[in-house]
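K.L.:
Sequence and predicted model, in that order:
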Amino acid sequence: MNIFMFFFKILTLSLVCSSGMSELKPSEDYKFSLNADDSDELQYKLYWKRLEIDEIQFEIHCRASGWVGFGLSPNGGMAGSDIVIGWVNSDGEAYLKDTHAIGKQAPIVDSVQNWHLIDASEQNGITVLKMKRKLYTCDEQNDFDIKFETQRLIFAWSDYDPDNELLNWSYHGANRRIKSVVLLNFADETSGSLIDSEITDSFEYRLNNHLIPAKDTYYLCQMFKIPPLKTDLHLISYQVLIEKESLSFVHHFDVYMCKSSDFERVKKISNMGYECGPGIDDEASSNILKGICEVRTMVFAWAIGGKRSISFPENTGFRFSKSDHETVMVINYHFDNPMIVKDHKDKSGLKFKFTKNLRKYDLGVLTVGIPTTQLDIVVPPRTESVKLSTICYPDCTEKFLPKEGITVFAGNLHTHLAGRALRTKLVRNGKIIKYLFDDQNYDFNYQSNILIQPTKLFPGDSLILECTYSSKNKDQFTVGGFGTKDEMCINFIYYYPKIDFQICSSIKLDEDLTHFYGKFESFVSLTGTDFEKSIRNSSKLIEKHIKKLEVSQVLIEKFKNFYENSDFHNGFCMGDKNSSIVLLGKKKFLNPSKGFNENKNCRV
């Protein structure tokens with residue numbers, strides 16, 4: 001072979017490979033997609049969309065010339081996973097097998113095949129598989145249901161085809177990835193992409209190289225101002241601006257609009273921030289905010305794993321009212337720094353996109369959650385599962401909701417490291433009519449905004465939020481708090497039209513807490529007379545003492561039983577104004593029966 005022909009062949013091969021690797025475009029339009037490999041977006045791409053009411057379609061593009069696998073896992077591992085494996089052999093024949101794994105060994109082919117191959121090809125080292133299945137296959141032994149919740153996806157591939165009859169899959173080695181994702185998001189009202197011409201105004205804010213302290217958890221309450229507005233605007237979209245170097249530091253943040261009364265003081269502040277959260281004096285924070293941000297209204301929340309470009313449904317927007325004064329905003333940042341990095345500087349921020357063409361509805365956010373205190377959230381150690389609950393009582397929805405109700409369309413669920421599952425039950429006339437939000441595979445590092453089928457909430461309805469925790473690998477008690485190693489239990493609920501309704505919750509009775517902790521002689525001697533007057537005044541002392549207790553199985557069961565079970569709760573709710581706090585007092589704990597069936601369309 002002469003030198004010219006040699007270089008011609010090399011050039012041709014390079015062009016073919018380059019062309020194959022760049023043509024990772026799906027064969028049809030898909031609503032959702034993800035890269036299985038964050039470091040190489042051409043390695044494994046997954047596309048999907050919902051078909052009929054009970055079917056889902058996937059398309060895989062993988063840089064591999066052998067078998068390609070994709071599965072649903074209970075925890076990111078192989079054992080117990082529901083896996084589909086496909087390949088195209090050297091004769092161009094395509095195969096797809098519905099399998100399951102019982103351990104770290106080759107998957108076993110299911111007796112009933114519930115995956116259906118639509119199309120497949122292998123070209124230039126790229127394998128493409130197009131397939132579909134039912135959301136509920138009714139194969140409870142080997143298949144996972146696909147639901148409106150976080151699911152662990154596992155991916156693997158090989159450059160070797162299995163024998164078509166022996167099905168001897170070669171070991172994937174390092175060719176394996178894991179992702180958490182919500183496969184099902186209700187997309188009807190958000191299916192239309194935002195058109196640039198809709199955006200009439202925009203505003204961007206970033207931190208100015210803010211030094212992150214060398215400590216595990218850091219909360220920053222950062223204020224910034226939006227200029228005076230000549231007309232009402234709707235916020236219809238926002239972008240979360242986080243540089244690559246900061247992705248491991250910014251865990252979540254909440255964004256609030258402030259109601260100010262001292263506009264002279266507002267004029268003087270310039271992007272002021274202060275440390276808030278664990279260990280910070282609440283009174284000091286109140287003095288900083290006095291006259292500047294006396295009442296805060298939540299606009300939205302974002303957490304790690306969530307999309308960084310969000311558009312609201314086409315019929316809603318968050319209203320920013322016409323004003324001669326600047327509007328103060330607060331971003332409550334939660335930074336995570338478990339490696340105690342010393343010199344990291346952050347420039348994270350937001351870009352707001354507005355329209356003057358006001359939409360049909362103003363958007364609002366309702367927070368349902370267990371108050372983040374040391375007495376209201378207590379998780380004993382070495383425990384597989386502990387379920388804590390809070391109730392938004394019908395008294396509150398009757399007070400705040402209009403007769404025609406409000407429409408819930410999305411939400412964020414939030415706990416910290418011990419959180420394993422969250423569920424919000426919608427109760428009407430004494431029965432659970434649906435799970436408004438339900439994530440039984442919660443992942444602290446993937447807290448996506450969950451879009452649901454728009455659902456009406458009427459006066460007299462109630463909501464029950466349940467948070468399930470696991471502490472089987474911990475030797476100390478975990479209590480409510482803002483630190484990453486503390487716990488929370490929150491559901492941010494997005495709805496329209498906006499009304500004066502911001503928080504709805506319930507807590508254990510003080511008398512029940514006093515009676516429970518009063519059984520422990522060490523607690524009584526520790527807190528003295530204040531313990532009887534108001535146990536909540538002694539919460540920090542009790543927290544310190546709890547974490548020093550000698551742990552036994554008997555003690556664990558006592559705490560688990562007390563915190564999981566209640567006869568009564570204290571209910572409360574509030575609107576956007578401090579004057580609209582409603583204290584319900586002692587209310588019977590709700591234990592409604594389930595009034596609906598999950599229709600899986602199983603056919604015998």
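P.N.:
The structure has been received and is ready for your questions. Residues are numbered from 1 along each chain as shown.

K.L.:
helix or strand for residue 151, which one?
P.N.:
Using DSSP states H and E, residue 151 sits in strand 150-157.

K.L.:
what are the phi and psi angles of the residue sitting nearest the centre point of the chain?
P.N.:
Centrality entry for the chain: nearest residue to the mean C-alpha point is residue 447, 2.4 Å, by C-alpha atoms, centre = their mean. Dihedral angles of residue 447 (phi, psi; degrees, to the nearest 10) stand at phi -110, psi 80.

K.L.:
likewise residue 396?
P.N.:
Backbone torsions for residue 396, taken as degrees, to the nearest 10, come to phi -70, psi -40.

K.L.:
State the distance from the residue lying closest to it once chain neighbours are set aside to residue 93.
P.N.:
Spatially, and ignoring its direct neighbours in sequence, residue 396 is nearest to residue 573 (3.6 Å; C-beta to C-beta, 6 or more residues apart in numbering). In short, each C-beta sits where N, CA and C put it, glycine included. Distance of residue 573 to residue 93, computed by C-beta to C-beta, to the nearest Å: 63 Å.

K.L.:
out of these two, which sits in the busier spot?
P.N.:
residue 573 (24 against 11; other C-beta atoms under 10 Å).

K.L.:
you'd agree the more buried one is in a helix?
P.N.:
No: under DSSP: H, G, I helix; E, B strand; the rest coil, residue 573 falls outside any helix and is assigned strand.

K.L.:
my guess is it meets residue 500, correct?
P.N.:
No: the criterion here is C-beta atoms under 8 Å, and residue 573 misses it with residue 500 at 10.7 Å.

K.L.:
Mind listing the shared neighbours of the two?
P.N.:
residue 400 (C-beta atoms under 8 Å, 6 or more residues apart in numbering).

K.L.:
Against residue 177, how distant is the residue nearest to residue 396?
P.N.:
Distance of residue 573 to residue 177, computed by C-beta to C-beta: 44 Å.

K.L.:
got it, and residue 59?
P.N.:
Per C-beta to C-beta, residue 59 is found 17 Å from residue 177.

K.L.:
can you check residue 184 too?
P.N.:
According to C-beta to C-beta, residue 184 and residue 177 sit 21 Å apart.

K.L.:
and residue 572, how many neighbours?
P.N.:
Using other C-beta under 10 Å, residue 572 has 21 other residues around it.

K.L.:
what's the pLDDT at it?
P.N.:
Per-residue pLDDT puts residue 572 at 96.

K.L.:
what helix or strand is the residue lying closest to it once chain neighbours are set aside on?
P.N.:
In space, and not counting its chain neighbours, residue 572 is closest to residue 583: 5.1 Å by C-beta to C-beta, 6+ apart. According to DSSP H and E, residue 583 maps onto strand 582-588.

K.L.:
Please point out which parts of that strand sit buried.
P.N.:
For strand 582-588, the neighbour count (16 or more other C-beta atoms under 10 Å) marks 582, 584, 587 as buried.

K.L.:
And for stretch 205-222?
P.N.:
For stretch 205-222, by 16+ other C-beta under 10 Å, it's 205-207, 210, 212, 217-222.

K.L.:
C-terminal to the lowest-mean-pLDDT helix or strand in the chain, which secondary structure element comes first?
P.N.:
Ranked by mean pLDDT, DSSP states H and E, the weakest helix or strand in the chain is helix 3-22, scoring a mean of 40. Downstream of helix 3-22, the next assigned helix or strand under DSSP H and E is strand 32-35.

K.L.:
Contacts for whichever helix or strand comes after that next one, please.
P.N.:
Counting by DSSP H and E, the next helix or strand C-terminal to strand 32-35 is strand 44-50. Defining contact as C-beta under 8 Å, 6+ apart, one finds that strand 44-50 is touched by 24, 26, 29-37, 56-63, 68, 70, 153, 155, 157, 177, 183-184, 187.

K.L.:
what's the answer for stretch 553-567, then?
P.N.:
Around stretch 553-567, the neighbours that count as contacts under C-beta under 8 Å, 6+ apart are 378-383, 386-389, 477, 508-509, 512, 516, 549, 588-589.

K.L.:
of the residues you listed, buried ones?
P.N.:
The neighbour-count test (16+ other C-beta under 10 Å) marks 378-381, 383, 386, 388-389, 477, 508-509, 512, 516, 549, 589 as buried among these.
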